[in-house]
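> 3D, please:
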Amino acid sequence: MTEMAVVNFAPTKHAVELRAVKRPEISPLDVLLKVEAVGVCGSDLHQWTADHSWPVNYPVVLGHEFAGVIHAIGSGVTGWRIGQRVVSETAAVIDPDNPMSRQGFYNLDPGRKGFGYGVDGAMTHYVRVPARCLHRLPDNLPMETAALTEPCCVAYNAVVQNACIKPGDRIVVFGPGTIGILCSAVARLCGATVAICGLERDRNRLEKAQSYGCIPIIGDLPEWARQGDGLGVDGVIDAAGVSATLQTALQIVRPNGWINKVGWGPQPLGFSLDPLVQKNITLQGSFSHNWPVWERVISLLASGQLDVKPIIGGVWPLENWHDAFEKMHDGEVVKAILKP
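This next block holds a predicted model:
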């Protein structure tokens with residue numbers, strides 16, 4: 001049996017198309033998930049434009065932000081039933097015996113492969129998922145909202161697990177894409193005053209960030225950063241990834257402050273890191289997420305404390321994937337959802 005899927009088939013620009021693919025077969029420890037909603041991620045766009053910096057197993061079905069209903073269960077799977085509403089983590093392939101996996105940090109397993117680049121993802125009708133990746137969804141959580149659990153987990157891991165925000169802190173977030181806005185929202189939940197910075201073309205996205213109580217800034221960032229005692233902001237979250245934002249972060253963060261880098265960018269730095277030493281700054285990377293983060297984020301979404309509706313720019317049928325990609329790429333919407 002075949003299904004239609006959004007497939008990234010080569011490492012060249014715009015090598016993505018709608019193709020017929022075989023419905024996946026599951027192993028004893030897998031479930032077959034009927035996809036109800038799948039988010040378009042910035043990394044999907046980067047693979048579409050061929051400016052990504054990670055290895056891809058071509059051809060591959062895109063999509064790693066997804067929610068659905070269990071359609072079939074492997075013979076070795078227990079604790080799950082057909083018809084359950086679930087969301088899936090992204091660590092599709094891990095080595096359970098790797099030291100990081102054994103500590104619960106399977107997201108940092110060097111051999112980890114994720115949906116949408118390492119194995120086939122969810123921009124299709126059915127996706128094969130290891131049962132260990134599943135989380136139950138509360139009945140009050142719509143599928144379109146649940147599909148954004150994954151980027152919310154990226155933000156939670158960056159802001160709560162890998163940063164050190166205290167109520168009253170002044171934080172700058174670079175990059176008003178999905179991750180930047182969600183990092184800003186989570187930082188606000190932690191009690192921080194948050195300024196989110198972008199370019200002139202980001203005005204629409206910056207307006208969305210305002211709905212979370214953030215201060216949008218285009219230019220004049222040093223002036224805002226010097227408010228208070230003049231020493232700079234307590235922390236910076238770099239969700240843009242380009243080298244220039246890290247250089248600016250080093251300039252505006254206060255002595256003994258911190259920078260958390262969650263955005264990807266393959267460009268070389270091209271500047272000195274001496275301010276990192278001189279100001280005793282902590283530079284932290286943040287990658288992916290693990291089980292407890294997912295459980296906490298699902299609770300926040302279900303309770304309404306973390307609301308993703310302001311960033312959802314629309315829901316497109318799978319066959320209109322190109323329109324959804326274009327609108328996200330052009331900045332017309334923050335987040336597009338595909339519905340197979």
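
> Show the pLDDT at the residue of the chain positioned farthest from its centre.
The centre of the chain is farthest from one residue, D229, which by Cα atoms, centre = their mean lies 34.0 Å away. D229 carries a pLDDT value of 94.

> Who are the contact partners of it?
By Cβ atoms under 8 Å, 6 or more residues apart in numbering, the contact list for D229 is empty. C-beta: built from backbone N, CA, C; applies to glycine.

> C-alpha coordinates for stretch 274-293, PDB please?
The C-alpha coordinates for stretch 274-293 follow below in PDB (Å, rounded to 0.1, in the frame of the first residue of the first chain):
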ATOM      1  CA  ASP A 274      38.300  37.100  24.400                       C
ATOM      2  CA  PRO A 275      35.200  38.800  25.800                       C
ATOM      3  CA  LEU A 276      34.000  35.400  27.000                       C
ATOM      4  CA  VAL A 277      37.100  35.200  29.100                       C
ATOM      5  CA  GLN A 278      37.300  38.800  30.200                       C
ATOM      6  CA  LYS A 279      33.700  39.000  31.300                       C
ATOM      7  CA  ASN A 280      33.600  35.500  32.800                       C
ATOM      8  CA  ILE A 281      30.600  34.600  30.600                       C
ATOM      9  CA  THR A 282      29.100  31.100  30.500                       C
ATOM     10  CA  LEU A 283      28.500  29.900  26.900                       C
ATOM     11  CA  GLN A 284      26.000  27.000  26.800                       C
ATOM     12  CA  GLY A 285      24.800  24.900  23.900                       C
ATOM     13  CA  SER A 286      21.300  23.300  24.000                       C
ATOM     14  CA  PHE A 287      20.200  20.400  21.800                       C
ATOM     15  CA  SER A 288      16.900  18.600  21.600                       C
ATOM     16  CA  HIS A 289      15.200  17.200  24.800                       C
ATOM     17  CA  ASN A 290      14.300  14.000  26.700                       C
ATOM     18  CA  TRP A 291      11.400  12.300  28.400                       C
ATOM     19  CA  PRO A 292      10.900  14.400  31.500                       C
ATOM     20  CA  VAL A 293      11.000  17.600  29.400                       C
END
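
> for the record, mean pLDDT for it?
Mean predicted confidence for stretch 274-293 is 97.

> For it, buried residues please.
Residues of stretch 274-293 classed as buried: 276, 279, 281, 283-284, 286, 288-290, 293 (neighbour count, 16 or more other Cβ atoms under 10 Å).

> Over to stretch 319-339?
Across stretch 319-339, burial judged by 16+ other Cβ under 10 Å covers 321, 324-325, 327-329, 331, 333-338.

> What's the mean pLDDT across it?
Stretch 319-339 comes out at a mean pLDDT of 96.
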